[in-house]
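**Student:** Quick one, structure for this:
(one chain, ligands or ions: 2)
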Amino acid sequence: MNLENQVPTCDFIDTPFSCLGNVLPFMHTFYNAHHHLHQGQQEMFRGRLVPCHEVPARLDFVRQALQARPLGPVQAPEIDEAALDKAIHRVHTRRYTEFLTHAWDEWVALDPSNAERDALPSVWPLPNRYGFRVDQTPRSIAAKLGLFAFDSGTPLTAGSWRAARAGAACALAAAQSVLTGQRSAFALTRPPGHHAGPDFMGGYCFLNNAAIAAQALRDGGCERVAVLDIDYHHGNGTQTIFYERPDVFTLSLHGDPATEYPFLLGHADERGVGAGEGYNWNLPLPRGTGFADWQAVFQQALTAVADYRPQAVVVPMGLDTFEGDPISGFRLRSEDYGCIGHSLAELGLPTVFTFEGGYAVAEVGVNAVNLLQGFQEKAAAQTVALLTPQTPAQKDPLHGKTLQHILAELEAHYGWEELGRRIPVRCFTHDPSVGSSLKFLRKTPWAREKVEQLYIYTEQKKSRKQQKS
Ligand code: SP5
Ligand code: ZN
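**Tutor:** Ligands and ions are numbered 1, 2, ... in the order given. Model (predicted):
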């Protein structure tokens, strides 16, 4: 499977797509156009400040790869501030977001020359131990950084809060998209999120995008949601947020915390507590693990997800499992990611992807889109199977009709305006002359397929209605 060279013949990216997502397997991507506002300079590593691994170019490469191989519309999230605020505070505390809101200004107020430097913590309270006061919020920003951050590798900059908030909006929009019937959606954003907990930042993360999406899915009516984290690092923030709850099943495949970041959480015996007991699964793997071993464990996780019977799945998608990743230790290759996407689609569930780690900057875009395309190809095959009639009498669902006839019938049924909403609009001119529209369709086989699918879908719906009455 050479995923890199497959370029769909499609030139209508960035257009509003139809409401038929449950039938047509487009992947809606919600892109954080403000991600550049977060740009750390240095992170602490073994006693030295080293250049940040989590850089803006990571996202730019994914965006480029998605442009080369479009999987559906790429759009900005349309979320109003009040709704965003509400969604964020379903998983994060007010005390923590208050801190994030003012942290940069306080950092600069501490010393005006701090404006040139990222904020990093240098003192920690050892939470829950020896009576360090974590119940009160200290006034000093130096102390606050230590209270709300669990590492010194996560620089907070002038634009971090705005970038993280805009990213949470992408996660929320992605969740809403699958709630309204899309097969899948992708929150393309940085900074990442899966290390951020209810009231802490760390691991390059500030707001937990995957948790925000999972909670939004719950609040939107899904009774059970599974979060399957495939980043190289344990999703400690997500685990902590849902640890006592049975309604969100958290699973994470990651480098063994005995030797790998974040070290202090992510062991196999952390299974959840209280009502949440049994609803957290950690699958640590040794440094050096290759795809065959990784995939065997991944299949176990998929089986566990399927057995849970969730109504939606969230996949915190880290590409730092890649053999070329500079800070991680697994050995996955670019072509393996297509298989992962394929397996995820086999769950047959509405799926939200959030972009997490992946620091081999030049390859992260190809790897991410390989995974997403693998998912899409399987999802498309499922759709076709769904729409393919099973009895010989129905073998030709188009009844030998030409595209021209089909379009005419669809137009009669929906009217042109509604039809334009249900099919990617630029497949057509809005000229109600079928002839001129057909010209365009012939040039875009992908769009032609959509018209045929819509036709089959409409016919099936009609005949179901007839059967009922
Ligand atoms: C979202 C995510 O993947 N976060 C990972 C955070 C990892 N932070 C610690 C990284 C340690 C950096 N090691 C540098 C080694 C250079 N040779
Ligand atoms: Zn990671």
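**Student:** Pull up the gap between the residue of the chain found nearest ligand 2 and ligand 1, please.
**Tutor:** Residue of the chain nearest ligand 2, by CB to the ion: Gly357 (2.7 Å). Where C-beta positions appear, they are placed from N, C-alpha and C, glycine not excepted. The gap separating Gly357 from ligand 1 is 3 Å, by CB to the nearest ligand atom, to the nearest Å.
**Student:** Which residue ranges of the stretch 301-450 of the chain form helices?
**Tutor:** With helices called from DSSP state H, counting those that start in this stretch, the stretch 301-450 of the chain shows them at 336-345, 361-387, 403-414, 416-422, 434-443, 445-468.
**Student:** Give me the helices and strands touching the first one, please.
**Tutor:** Which is helix 336-345. For helix 336-345, the packing partners by 3 or more CB pairs under 8 Å, 6 or more residues apart in numbering; DSSP states H and E come out as helix 291-308, helix 361-387.
**Student:** what mean pLDDT would you report for that helix?
**Tutor:** For helix 336-345, mean pLDDT rounds to 97.
**Student:** Kindly report the same for the longest one.
**Tutor:** This predicted structure assigns helix 361-387 an average pLDDT of 87.
**Student:** going forward can the numbers begin at 45, since that is how I track them
**Tutor:** All right, first residue 45 from here; so that's helix 405-431.
**Student:** Is Gln218 part of a helix or strand, or is it coil?
**Tutor:** Actually, residue 218 is Ala. It isn't Gln. helix (DSSP: H, G, I helix; E, B strand; the rest coil).
**Student:** Not counting residues beside it along the chain, what's closest to it?
**Tutor:** In space, and not counting its chain neighbours, Ala218 is closest to Ala229: 3.8 Å by CB to CB, 6 or more residues apart in numbering.
**Student:** isn't that neighbour right up against Thr398?
**Tutor:** No: contact criterion CB atoms under 8 Å: Ala229 and Thr398 do not qualify, at 9.8 Å.
**Student:** tell me, what's touching those two both at once?
**Tutor:** Here Ala229 and Thr398 have Ala218 as joint contacts, going by CB atoms under 8 Å, 6 or more residues apart in numbering.
**Student:** the more surrounded of the two?
**Tutor:** Higher neighbour count among Ala229 and Thr398: Thr398, with 33 against 29, using other CB atoms under 10 Å.
**Student:** looking at the helices and strands packed on helix 380-389, which is buried most?
**Tutor:** helix 405-431 (a mean of 21; mean count of other CB atoms under 10 Å).
**Student:** what does the chain put close to ligand 1?
**Tutor:** Contact residues (CB under 6 Å from any ligand atom) of the chain with ligand 1: 89, 197, 236, 239, 247-249, 275, 277, 305, 362, 364, 371, 400-401.
**Student:** again, only using 8 Å
**Tutor:** Contact residues (CB under 8 Å from any ligand atom) of the chain with ligand 1: 87, 89-90, 94, 97-98, 195, 197-198, 236-239, 246-249, 275-277, 305-306, 362, 364, 370-372, 400-403.
**Student:** Which ones among those residues map onto helices?
**Tutor:** Using DSSP state H, no member of the residues of the chain next to ligand 1 sits in helices.
**Student:** Could you list which of the residues you listed belong to strands?
**Tutor:** If you go by DSSP state E, the residues of the chain next to ligand 1 have Glu87, Phe89, Val94 in strands.
**Student:** Make JSON lines from those residues and add neighbour count and pLDDT to it.
**Tutor:** Converted to JSON lines, these look like this (neighbours: other CB atoms under 10 Å; pLDDT from 0 to 100):
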{"residue": "Glu87", "neighbour count": "20", "pLDDT": "97"}
{"residue": "Phe89", "neighbour count": "13", "pLDDT": "95"}
{"residue": "Val94", "neighbour count": "11", "pLDDT": "97"}
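**Student:** Closest one of the residues you listed to ligand 1?
**Tutor:** Phe89 (4.8 Å; CB to the nearest ligand atom).
**Student:** give the contact list for that closest one.
**Tutor:** Gly197 are the contacts of Phe89 under CB under 8 Å, 6+ apart.
**Student:** Just give me the neighbour total for the closest residue to Lys445 other than its chain neighbours.
**Tutor:** Distances taken as CB to CB, 6+ apart put Glu453 closest to Lys445, at 7.8 Å, once the chain neighbours are dropped. The tally of other residues near Glu453 (other CB under 10 Å) stands at 14.
**Student:** what pLDDT does Glu453 get?
**Tutor:** Confidence score, pLDDT, at Glu453: 84.
**Student:** just checking, it touches Tyr499?
**Tutor:** Yes: with contacts counted by CB under 8 Å, Glu453 reaches Tyr499, the gap being 7.1 Å.
**Student:** And the pLDDT at Asp58?
**Tutor:** Asp58 is given a pLDDT of 28.
**Student:** how about the nearest residue to the residue of the stretch 95-244 of the chain at minimum distance from ligand 1, chain neighbours excluded?
**Tutor:** Taking CB to the nearest ligand atom, ligand 1 has its nearest neighbour within the stretch 95-244 of the chain at Pro236, 3.8 Å off. Distances taken as CB to CB, 6+ apart place Glu400 nearest to Pro236, at 4.4 Å, with adjacent residues excluded.
**Student:** which ones are touching the one you found?
**Tutor:** Glu400 neighbours (CB under 8 Å, 6+ apart): Pro236, Gly237, His238, Ala254, Asp273, Asp275, Pro360, Met361, Gly362, Asp364.
**Student:** Mind putting those into a markdown table with distance to Thr294 and neighbour count?
**Tutor:** Below are those laid out as a markdown table (distance: CB to CB, whole Å; neighbours: other CB atoms under 10 Å):
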| residue | distance to Thr294 | neighbour count |
| --- | --- | --- |
| Pro236 | 16 | 31 |
| Gly237 | 14 | 32 |
| His238 | 10 | 31 |
| Ala254 | 9 | 34 |
| Asp273 | 7 | 30 |
| Asp275 | 13 | 28 |
| Pro360 | 10 | 32 |
| Met361 | 15 | 31 |
| Gly362 | 15 | 27 |
| Asp364 | 19 | 27 |
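**Student:** Looking at these, spot the one nearest Leu297.
**Tutor:** Ranked by distance to Leu297 (CB to CB), these are led by Asp273 at 7.0 Å.
**Student:** wait, what's in contact with that closest one?
**Tutor:** 238, 254, 279, 282, 294-298, 359-360, 362, 400.
**Student:** how near is Gln85 to Asn158?
**Tutor:** 13 Å (CB to CB, to the nearest Å).
**Student:** so, in contact with ligand 2 or not, stretch 266-277?
**Tutor:** Yes: against ligand 2, stretch 266-277 shows contacts by CB under 5 Å from the ion at Asp275, Tyr276, His277.
**Student:** Counting neighbours, what do you get for the last one?
**Tutor:** Number of residues near His277 (other CB under 10 Å) recorded here: 29.
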